[in-house]
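S.K.: Need a 3D model of the following:
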Amino acid sequence: MNNRIVGLDVARALAVIGMIIVNFKVVFGENGQNWLKTFSNILDGKAAATFVVLAGIGLALMTNTAIKNKDKVKLKSVRNRVAKRALFLFVVGISYITIWPADILHFYGVYMLITLLLSTSKEKTILIYGVLIILFFLY
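M.R.: Numbers count the residues shown, from 1 in each chain. Got it, this is the predicted structure:
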C-alpha cells in the first residue's frame, strides 16, 4: 500500500463519482433541473471511458515488472489475482443485470480476461486483435 500512485486513486474516485451521477440520470430519466441534466450529459460516456482506461493502467502496472523481467512466477501470481477480479466483476455484473440492465461490470470482467490473454503478446498481435474486435463490433 505504500507504493500507491495517489493521482490514479484520485482519478478512479472521480470516475466512480461520475459513473454514479450518470447512473442517476439513467434511473430518473429526463426529470430534474436543467443545470443538473446538463452536468450529467457532460459526464455521459466519459466517466465509464475514464474508468476503463484507469483499469488498463492498473493492469499494466501490475504486470509490467513481471513481463519485463520475464518472471514467470510473479506473472502467474498477477494473472491469478487479475483473473479472480475479472471473475468477481463478471459474476456480480451478471447477478444483478435483471435489476440494473445498464450494468457494465460483466463487460469489464470479460475485458480483463482478454487483457490477460494478450498481456504477453507482441505489439503487432495486439494491434491485429484490436482491429478485428473493432471490425467485429461494427457488424
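S.K.: contacting residues for the closest residue to Lys25 other than its chain neighbours?
M.R.: Spatial nearest neighbour of Lys25, excluding adjacent residues (C-beta to C-beta, 6 or more residues apart in numbering): Ser40 at 4.3 Å. C-betas here are computed from N, CA, C, even on glycine. Neighbour list for Ser40: Ile21, Val22, Phe24, Lys25 [criterion: C-beta atoms under 8 Å, 6 or more residues apart in numbering].
S.K.: just for this protein, where's the confidence low?
M.R.: 1-2, 26, 28-30 (pLDDT under 70).
S.K.: related to what we said a few turns ago, need the contacts of Ser40 in TSV (columns: distance to Gly45 and secondary structure).
M.R.: Below are those laid out as TSV (distance: C-beta to C-beta, whole Å; DSSP: H, G, I helix; E, B strand; the rest coil):
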residue	distance to Gly45	secondary structure
Ile21	12	helix
Val22	8	helix
Phe24	15	helix
Lys25	12	helix
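S.K.: hmm, back to that, just the buried positions in the host helix or strand of the residue nearest to Lys25, please.
M.R.: Using DSSP states H and E, Ser40 maps to helix 34-43. Residues Ser40, Leu43 are the ones in helix 34-43 that count as buried (16 or more other C-beta atoms under 10 Å).
S.K.: So what touches stretch 90-107?
M.R.: For stretch 90-107, using C-beta under 8 Å, 6+ apart, the contacting residues are Asn23, Val26, Ala48, Leu89, Tyr108, Gly109, Val110.
S.K.: just how off-centre is that stretch within its chain?
M.R.: When distances are taken as C-alpha atoms, centre = their mean, to the nearest Å, stretch 90-107 is centred 14 Å away from the chain's centroid.
S.K.: What of stretch 18-28?
M.R.: For stretch 18-28 - counting by C-alpha atoms, centre = their mean - the centre lies 17 Å from the chain centre.
S.K.: hmm, who's touching it?
M.R.: By C-beta under 8 Å, 6+ apart, stretch 18-28 touches 37, 39-41, 43-48, 50-51, 102.
S.K.: from those, which is closest to Ile17?
M.R.: Proximity of the contacts of stretch 18-28 to Ile17 (C-beta to C-beta) peaks at Ala47, which lies at 7.8 Å.
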